[in-house]
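[1] Got a sequence here, can you model it:
(4 chains)
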Protein chains: 2
Amino acid sequence: MAATYKDIRRLTGVSLATISKYFNGGNVIHNNRVLIEQATRDLGYQVNDVARGLRSRRSMTLGVVLAELNSTFYTTIISSMEEKLREAGYGTIICDSRGSAEAEAEAIHFLIGKMVDGIVIMPVGDEVAGLAAAAARGVPVVTVDRAIANAAVDTVVIDNRAAIASAVDLLVDAGHIDIGLLAGPDAIFTMRERRLGFREAVKRHTGRLPRRTFTQPDPVSVQGGYQGLRRLLALEPRPTAVVCANYEFTVGATVAINELAADAPVPAIVGFDNLDLARIIRPRPTLVVQPVAQIAVRAAELILDRIASPFPLEPRSVVLESELVVGDPATYAFRGGQS
Amino acid sequence: MAATYKDIRRLTGVSLATISKYFNGGNVIHNNRVLIEQATRDLGYQVNDVARGLRSRRSMTLGVVLAELNSTFYTTIISSMEEKLREAGYGTIICDSRGSAEAEAEAIHFLIGKMVDGIVIMPVGDEVAGLAAAAARGVPVVTVDRAIANAAVDTVVIDNRAAIASAVDLLVDAGHIDIGLLAGPDAIFTMRERRLGFREAVKRHTGRLPRRTFTQPDPVSVQGGYQGLRRLLALEPRPTAVVCANYEFTVGATVAINELAADAPVPAIVGFDNLDLARIIRPRPTLVVQPVAQIAVRAAELILDRIASPFPLEPRSVVLESELVVGDPATYAFRGGQS
DNA sequence: CTTTCAGTACGAAACGTTTCGCCATGGGAG
DNA sequence: CTCCCATGGCGAAACGTTTCGTACTGAAAG
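    The predicted model follows:
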């Protein structure tokens, strides 16, 4: 159905080798160039990347495995990354692991079968099952957002401890002492780091470790943030401020606060990610904002670099800084002790 | 580097044809089956989909072209669709056209080169440039969310007129007469349909066509919704209610309303999409909610069906209903005439 | 007037599968 | 005991490229 080099040869008399050279930017004598271009137009010819990939062993396709397609944070990263990769000529196959390590391993298997030239992964847990398989086939891997225990892969993360510390600092400055944390399980890199950062920061300020933390098993759930905030508020003494360790928790906590009885004391709150949120919620919340576009761009750079490099590179690790976007003072002010 | 059939043959003595049969689920005598399985394990063998795709002319990969990866509405659809497609054994290559018809055509070109077995597209405008090329190569196409003028492709859309009408009905019932519309340009199918539905509904109720509509050239922009609402409110007489024709506009309009002076009359508002929004904004807004998961599933079904069908099918069109999720009465109540 | 060399062109052999046509085997029907 | 048919196996030829080694050309160098 679709035209091939052979059709072009038939129309032009030029050999396959020369046609290949033409389509790969090589030098071709003017006359042949014109002939090939004419034939290409006449036939509506388009290079078959599958055949090309088989022979050249480069599929010009990258795989992306992410923990949750339904999360703004991840899709924003994908969006920037896809743009960058396409500019470099690469297509992007996206797989959603839905937070399951098993699905993640399957996805990697799948991508290897598709002969992707590299894999960008936002890992579910601390171990990624398919990593050995990828390494065995020389498929480079870059992890994003979450680091992997002692694996020789490139990594892009933010400084999670500093991120949380900046939130704690603000709250302490505002007069809060009893601060709660709403985070996911320690099995998740970001949650563990943020919890550690939280403890460090609280200890640094108060000399004591915090007690008020709530761990929600499902990290990417609005519902979890909702319940978590309610649990925290049920504690005695009740925390006067809460830090939410990711976007979904921030949304859930906001919902819960919205539902508080009018006379109930509203806790101060600092959330995570997604600046848009700051614009639609009143009073304007304070958020730890990650440099999403940068994360994406750096990840793309790392993987492209590694693919291009003729010899194995040392594993590299990029750590980016987050920013605390301070909202309406009413949302983080200290309004006196517990009720 | 990676093992091939030849390696398996070397270890087992079984012919390539039989090995192929095994990996395609054919009948293989018990002894051979065991041998092949053993060798597969020993070698860490995995089928090369690129070679398979070249020979069998089925790449088991689908392309998705969407107008904006940075839009919850689209990513939610992608998420459900990817799951469905993967279950059927297909990988998904995602391309973001960023609202540009040119990028859209490029994306289709790119996908055709990758020998995708089908393309799901959320078109930018009323014409899709690459459609002919896809048809010429027998690559089936399904459009989602937006229909395309007289093209022989399958389509999944919602009943946009009814969707908007349900919003207008609610507002009219609440006592509003002077209702504004915040929509994007008519070049976009959904925007055109929703505007038409709006006019029809208003006319049906009031006997007159509405005058208060604002068209924002950039349809997927929060900023546009923000400006649009301010423009509408600057009109004399001022509309007492506003319908927002998509998600981004709804967010933008909400921001604008949040910024209204405390004493300024707040217009009633009905928005579009993304139920999560309803949970974090207080008072709870009224939203036209599209059946996102269903849209995705139906689109996946259509494309898989068409790929599987040995003979060309009639173009099919699926129209789904949206749902009006009514929020806090305060957000749509009529509070008297214009100021 | 030969030698050399840069610039191109070409044929043929890959790349790792699937698929086609043909052959061997063996058990049941006649 | 023969014949048939179902089952499974095999070799070889694709699929549409890239790439390797070789060969041609004409102009510059000797």
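
[2] contacts, neighbours, all on C-alpha from now
    Fine.

[3] Show me which residues of chain A sit near DNA strand D.
    With CA under 7 Å from any atom of the strand as the criterion, chain A comes near DNA strand D at residues A:1-6, A:16-21, A:23-24, A:46-49, A:51-52, A:54-56.

[4] May I see the PyMOL selection of the buried members of those?
    For the buried members of these, the matching PyMOL selection, counting by 16 or more other CA atoms under 10 Å in any protein chain shown, is:
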select buried, chain A and resi 5+18+19+46+47+48+49+51+52+54
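
[5] contacts with DNA strand C among the residues of chain A next to DNA strand D, please.
    Among these, the ones lying near DNA strand C by CA under 7 Å from any atom of the strand are A:Leu16, A:Ala17, A:Thr18, A:Ala51, A:Leu54, A:Arg55, A:Ser56.

[6] picking that back up, out of the residues of chain A next to DNA strand D, which sit inside helices?
    Among those, DSSP state H puts A:5-6, A:16-21, A:23, A:49, A:51-52, A:54-56 in helices.

[7] tally of neighbours for A:Phe311?
    Per other CA atoms under 10 Å in any protein chain shown, the neighbour tally for A:Phe311 reads 8.

[8] Does it belong to a helix, a strand or coil?
    What DSSP: H, G, I helix; E, B strand; the rest coil gives for A:Phe311 is coil.

[9] A:Arg282 contacts B:Asn258, correct?
    Yes: here A:Arg282 reaches B:Asn258: they are 6.8 Å apart, a contact under CA atoms under 8 Å.

[10] just how off-centre is stretch A:291-310 within its chain?
    Centroid separation between stretch A:291-310 and its chain, computed with CA atoms, centre = their mean, to the nearest Å, is 12 Å.

[11] For that stretch, the averaged confidence score.
    Per-residue pLDDT over stretch A:291-310 has a mean of 95.

[12] still on that earlier bit, out of the ones next to DNA strand C among the residues of chain A next to DNA strand D, who's nearest B:Val116?
    A:Ala51 (12.9 Å; CA to CA).

[13] Would you mind measuring from the closest residue to the closest one other than its chain neighbours to A:Asn48?
    Using CA to CA, 6 or more residues apart in numbering or on different chains and skipping residues adjacent in sequence, the residue nearest A:Ala51 is B:Leu54, 5.8 Å away. Distance of B:Leu54 to A:Asn48, computed by CA to CA, to the nearest Å: 9 Å.

[14] Kindly report the same for A:Gln290.
    Distance, A:Gln290 to A:Asn48, by CA to CA: 40 Å.

[15] ok, now A:Gly180?
    A:Gly180 sits at a distance of 57 Å from A:Asn48 (criterion: CA to CA).

[16] What segments of chain A are strands?
    Per DSSP state E, chain A carries strands over the ranges A:61-66, A:91-96, A:118-121, A:141-144, A:154-158, A:179-183, A:213-215, A:241-244, A:268-272, A:286-289, A:317-320, A:323-325.

[17] Adding distance to DNA strand C, write the ones you listed out as a markdown table.
    Converted to a markdown table, the strands of chain A look like this (distance: least, CA to the nearest atom of the strand, whole Å):
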| stretch | distance to DNA strand C |
| --- | --- |
| strand A:61-66 | 17 |
| strand A:91-96 | 20 |
| strand A:118-121 | 17 |
| strand A:141-144 | 21 |
| strand A:154-158 | 26 |
| strand A:179-183 | 44 |
| strand A:213-215 | 46 |
| strand A:241-244 | 48 |
| strand A:268-272 | 45 |
| strand A:286-289 | 45 |
| strand A:317-320 | 32 |
| strand A:323-325 | 47 |
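
[18] Turn these into a markdown table, including distance to B:Pro217 and mean neighbour count.
    Formatted as a markdown table, those follow (distance: least, CA to CA, whole Å; neighbours: other CA atoms under 10 Å in any protein chain shown):
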| stretch | distance to B:Pro217 | mean neighbour count |
| --- | --- | --- |
| strand A:61-66 | 33 | 26 |
| strand A:91-96 | 30 | 25 |
| strand A:118-121 | 35 | 26 |
| strand A:141-144 | 35 | 26 |
| strand A:154-158 | 36 | 23 |
| strand A:179-183 | 41 | 27 |
| strand A:213-215 | 45 | 19 |
| strand A:241-244 | 37 | 28 |
| strand A:268-272 | 31 | 27 |
| strand A:286-289 | 29 | 24 |
| strand A:317-320 | 36 | 16 |
| strand A:323-325 | 30 | 18 |
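
[19] and those, which one is worst for confidence?
    Across these, strand A:213-215 has the smallest mean pLDDT, namely a mean of 81.

[20] residues making contact with that one?
    For strand A:213-215, the external contacting residues (CA atoms under 8 Å, 6 or more residues apart in numbering or on different chains) are A:Gly180, A:Leu181, A:Leu182, A:Ala183, A:Gly184, A:Pro185, A:Gly228, A:Arg231, A:Leu232.

[21] what's the answer for stretch A:165-179, then?
    Counting contacts by CA under 8 Å, 6+ apart, the residues outside stretch A:165-179 that touch it are A:197-198, A:200-202, A:205-206, A:210, A:212, A:238-243, A:270, A:288, A:324, A:332-334.

[22] So which of those sit within helices?
    Using DSSP H, the members of the contacts of stretch A:165-179 that fall in helices are A:Gly197, A:Phe198, A:Glu200, A:Ala201, A:Val202, A:His205, A:Thr206.

[23] Report the buried members of the residues you listed.
    A:Gly197, A:Phe198, A:Glu200, A:Ala201, A:Val202.

[24] ranges for the helices of the stretch 51-200 of chain A?
    For the stretch 51-200 of chain A, the helices defined by DSSP state H, counting those that start in this stretch occupy A:72-87, A:101-113, A:131-136, A:160-173, A:189-206.

[25] How about the first one and chain B, any contact?
    So that's helix A:72-87. Yes: under the criterion of CA under 8 Å from any CA of the partner chain, chain B is reached by helix A:72-87 at A:Thr72, A:Thr75, A:Thr76, A:Ser79, A:Glu82, A:Glu83.

[26] Specify the beta-bridge partners of the closest residue to A:Ile179 other than its chain neighbours.
    Excluding its sequence neighbours, the residue lying closest to A:Ile179 (CA to CA, 6+ apart) is A:Ala241, at 4.8 Å. With DSSP bridges as the criterion, A:Ala241 is bridged to A:Ile179, A:Ala268.

[27] Now do the contacts for A:Leu320.
    Here A:Leu320 is in contact with A:Val156, A:Val157, A:Ile158, A:Asp159, A:Pro291, A:Ile295 (CA under 8 Å, 6+ apart).
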